[in-house]
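1. Sharing a model that was predicted from the sequence below.
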Amino acid sequence: MSNETSASGRHAGRVAIVTGAGSGIGRSVAELLVREGGLVVAADLTDEHLAWCSGIDHIVPAAADVTAADANDALVSLAVESFGGLDAVVLNAGISMSGSIESLPMEDFDRAVDVNVRAVARGIRAAAPAMRVRGGGAIAITASTSGQRGDPSMWAYNASKAAVINLARSAALDLGAEDIRVNVVCPGPTITGMTERLQEMPAAYEALRRRTARQQWATADEVAAVFGFLVSTEAAAVTGAVINADGGISANTGQFLPPERLA
Ligand SMILES: NC(=O)c1ccc[n+]([C@@H]2O[C@H](COP(=O)([O-])OP(=O)(O)OC[C@H]3O[C@@H](n4cnc5c(N)ncnc54)[C@H](O)[C@@H]3O)[C@@H](O)[C@H]2O)c1
């Protein structure tokens, strides 16, 4: 990515934290915000995950496990110390796992809840006071199309993503009168690190692709564009919303496959 930012961009001067920024959707969101003039704290598990930030202005990498008790508060402090405040948070760090309802260890379910739900609650609680100081802010959370229905062997992941959707809706109601907006993005099949294994399994890749209306997986940049809108001031009227960025996969009951692309 170029080192150029846009002083007049949509996010000019706005300070954001992005979790899970080491790869995939989070990295694309962080890149988009900086490209559009934003100032970003990019968080992921290790410095190695964040090596891509090196040499880019207006981005501060932060190695942090968002499930740690004080990690979210520390990220907010870093944003305030580095850039003077906080306007936006993208709570995107997530993990997936698969295993049937009887075979997946309960510890895996606990970890899904810890990362995909509990850390998000902590992230909102950490961000709200700093946003209040600025007179408002925008929080956007990555759930999943999987949080809206069931998938075989995905009960732990799907339950955690369903939970975070209603967590966000409720938080939006608690914070809305203070102009702190909370929204959710539900990606469908997206080409990222998380889906690397599926991408290497032609039958699984193809089955997911065929279930989307547009007959293709999304790129991380395509999903990031939705976050770019939601955490901008352009989305002032949008809160408590659950936005599908899933190529139409959730529009399908699953009974019939949509038409293939022509040519
Ligand atoms: N890729 C898809 O098809 C898809 C579909 C729906 C939802 N999602 C969701 O999108 C979000 C981003 O995932 P992605 O697809 O870009 O995958 P990814 O694996 O490329 O990125 C996720 C990042 O989160 C980081 N992370 C995981 N646990 C963390 C923790 N405890 N603390 C800090 N960082 C942590 C990982 O190190 C990784 O860099 C996740 O919440 C995921 O559930 C992805």
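-> Here it is on my side, so go on.

2. Show me the strands in this structure, by range?
-> 15-19, 39-44, 59-63, 88-91, 137-142, 180-187, 190-191, 218-219, 242-245 (DSSP state E).

3. lowest-confidence helix or strand of the chain?
-> Every helix and strand of the chain was ranked by mean pLDDT, DSSP states H and E. The lowest is helix 196-199, at a mean of 93.

4. ok, is that one in contact with the ligand or not?
-> No - using CB under 6 Å from any ligand atom, helix 196-199 stays clear of the ligand, with a minimum separation of 8.0 Å. All C-beta spots, glycine's among them, are computed from the backbone N, C-alpha and C.

5. Restrict that helix to CA atoms and write it as CSV.
-> Provided in CSV are the C-alpha atoms of helix 196-199 (Å, rounded to 0.1, in the frame of the first residue of the first chain):
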residue,chain,number,x,y,z
GLU,A,196,-7.6,-20.6,3.5
ARG,A,197,-8.3,-24.3,4.2
LEU,A,198,-11.7,-24.1,2.4
GLN,A,199,-10.1,-22.3,-0.5
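
6. Can you list the helices and strands that it packs against?
-> Counting contacts by 3 or more CB pairs under 8 Å, 6 or more residues apart in numbering; DSSP states H and E, helix 196-199 is packed against helix 202-211.

7. And the helix it packs on, what does it pack against?
-> Using 3+ CB pairs under 8 Å, 6+ apart: helix 202-211 touches helix 196-199.

8. residues making contact with the helix it packs on?
-> Contact with helix 196-199 is made by P189, I191, A204, Y205, L208, as judged by CB atoms under 8 Å, 6 or more residues apart in numbering.

9. And for the residue nearest to D87 when sequence neighbours are not counted, the neighbour number?
-> Residue nearest to D87 in three dimensions, not counting chain neighbours: R14, with 4.3 Å by CB to CB, 6 or more residues apart in numbering. Look at R14: counted by other CB atoms under 10 Å, it has 24 neighbours.

10. Up against the ligand, what does this protein have?
-> 19-20, 22-26, 44-45, 49, 65-67, 92-96, 115, 142, 144, 187, 189-190, 192-195.

11. Now list the buried members of the residues you listed.
-> Burial by neighbour count, judged by 16 or more other CB atoms under 10 Å, picks out 19-20, 22-26, 44, 49, 66-67, 92-96, 115, 142, 144, 187, 189-190, 192, 194-195 from the residues of the chain next to the ligand.

12. and those residues, which of them are in helices?
-> Of those, the ones assigned to helices by DSSP state H are G24, I25, G26.

13. Closest one of the residues you listed to the ligand?
-> Ranked by distance to the ligand (CB to the nearest ligand atom), these are led by G24 at 2.2 Å.

14. residues in contact with that closest one?
-> With CB under 8 Å, 6+ apart, G24 has these contacts: T190, T192, G193, M194, A220.

15. what's the nearest residue to it if we skip its chain neighbours?
-> Per CB to CB, 6+ apart, closest to G24 is T192, 2.9 Å.

16. Tell me how far the closest residue to the ligand within the stretch 51-200 of the chain lies from V117.
-> Going by CB to the nearest ligand atom, the ligand is nearest to G94 of the stretch 51-200 of the chain, at 2.1 Å. Distance check for G94 against V117: by CB to CB, to the nearest Å, it reads 10 Å.
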